[in-house]
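K.L.:
Make a model of this:
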Amino acid sequence: MERIKTGIVELDEIISGGYPKGKTVLVTGGPGAGKTIFGLHFLHKGCTDGKKSMLIATEETPEDILMEAEIIGLDLQQYVDSKQLVIGRVLESRTGSIEQVAKFGAGFEMSELDIIERVKSVPADTEIVVIDNIGVFALDMKIKEFRNKIDTINHLLTSIGCTTLIIMDETAYELTHKLAEYSVYGSIKLMVMENPYTGLRERYLDIPKMRGTNISLERSLFEITQKGIKLNNSKTKRENKTKNEVTIMGLD
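P.N.:
Numbers count the residues shown, from 1 in each chain. Below you'll find the predicted structure:
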């Protein structure tokens with residue numbers, strides 16, 4: 001199976017070279033877990049490799065996204081300028097619709113909020129798509145409706161050969177009974193947890209599902225650095241190492 005580089009070298013090593021080409025991968029996690037940065041890495045690597053890319057951003061303006069990418073050394077502005085990367089201004093449309101509903105009443109048609117229409121507008125020659133964050137479209141939907149929309153998004157993008165990251169916040173993921181994971185080809189879960197041996201909060205990555213890929217059941221520890229995401233040792237190795245250090249110091 002052909003792979004598309006994730007933009008994170010250590011993650012490529014874990015998942016046999018990258019995301020499965022033409023498939024959809026779900027990234028979930030709580031606030032500050034690094035979800036958006038995962039998407040930025042993927043977009044930057046794709047653009048660097050000459051792939052036409054699109055970001056459907058629902059919670060941040062393009063200006064904020066480009067600034068965030070620049071802070072971690074991922075220059076996306078050049079690709080926006082050359083139109084290799086398109087960033088949809090979904091936040092403005094979404095908040096504009098909410099304002100109109102408040103003004104004209106609950107009966108006002110919120111067509112701008114239809115994520116399916118946004119996905120249908122993705123040009124057929126697009127190779128990489130990142131949707132960040134689809135959770136904002138899920139909170140007012142019935143479970144069946146949300147599942148249907150996820151299935152439709154997946155079908156629309158895979159039918160034109162897009163390799164897609166769907167980013168979803170943990171709250172919406174839980175409220176929708178984790179149904180999104182059944183619709184996608186693979187999933188990555190990002191977590192912020194306390195290390196029981198040091199008492200420090202650390203970020204971990206778990207890969208519950210990646211079809212066609214030999215994956216480890218162990219979690220991986222990662223950091224967000226000035227150059228973006230860096231994966232370190234697996235959870236088990238890290239805990240063993242820390243526990244040994246505590247034992248050597250006579251504190252165990």
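K.L.:
CA atoms for contacts and neighbours, from now on please.
P.N.:
OK.
K.L.:
Return, as residue ranges, the portions of this protein with sub-threshold pLDDT.
P.N.:
91-113, 233-252 (pLDDT under 70).
K.L.:
do that again at 90, thanks
P.N.:
Of all residues in the chain, those with pLDDT under 90 make up the ranges 59, 88-118, 136-142, 195-196, 216-217, 232-252.
K.L.:
which of the residues in the top helix by length along it are buried?
P.N.:
Of all segments of type helix in the chain, defined using DSSP state H, the longest is helix 143-159. Buried positions in helix 143-159, judged by neighbour count with 16 or more other C-alpha atoms under 10 Å: Phe146, Arg147, Lys149, Ile150, Thr152, Ile153, Asn154, His155, Leu156, Leu157, Thr158.
K.L.:
Need the three-state assignment for the spatially most central residue of the chain.
P.N.:
For the chain, Ile167 is the residue whose C-alpha lies nearest the centre (C-alpha atoms, centre = their mean; 3.5 Å). Secondary structure, DSSP: H, G, I helix; E, B strand; the rest coil: Ile167 is strand.
K.L.:
residues in contact with it?
P.N.:
Listed by C-alpha atoms under 8 Å, 6 or more residues apart in numbering, the contact partners of Ile167 are Leu26, Val27, Thr28, Lys35, Thr36, Gly39, Val130, Ile131, Asp132, Asn133, Ile134, Gly135.
K.L.:
again, only using 7 Å
P.N.:
Leu26, Val27, Thr28, Lys35, Ile131, Asp132, Asn133, Ile134 (C-alpha atoms under 7 Å, 6 or more residues apart in numbering).
K.L.:
so it bridges to which residues?
P.N.:
Beta-bridge pairing of Ile167 under DSSP bridges involves Val27, Asp132.
K.L.:
measure Arg203 to Ser216 for me?
P.N.:
17 Å (C-alpha to C-alpha, to the nearest Å).
K.L.:
scratch that, Ile224
P.N.:
According to C-alpha to C-alpha, Ile224 stands 22 Å off from Ser216.
K.L.:
Repeat that for Ala57.
P.N.:
Distance from Ala57 to Ser216, by C-alpha to C-alpha: 31 Å.
K.L.:
Of these two, give the one with the bigger neighbour count.
P.N.:
Ala57 (21 against 13; other C-alpha atoms under 10 Å).
K.L.:
wouldn't that one be in contact with Ile65 here?
P.N.:
No - if you go by C-alpha atoms under 7 Å, Ala57 and Ile65 don't touch, sitting 8.6 Å apart.
K.L.:
Which parts of the stretch 51-200 of the chain are strands?
P.N.:
Here the stretch 51-200 of the chain has its strands, by DSSP state E, counting those that start in this stretch, at 53-57, 85-89, 128-132, 163-169, 186-194.
K.L.:
tell me what the longest one is packed against?
P.N.:
Right, strand 186-194. In terms of contacts (3 or more C-alpha pairs under 7 Å, 6 or more residues apart in numbering; DSSP states H and E), strand 186-194 is packed against strand 24-29, strand 201-210.
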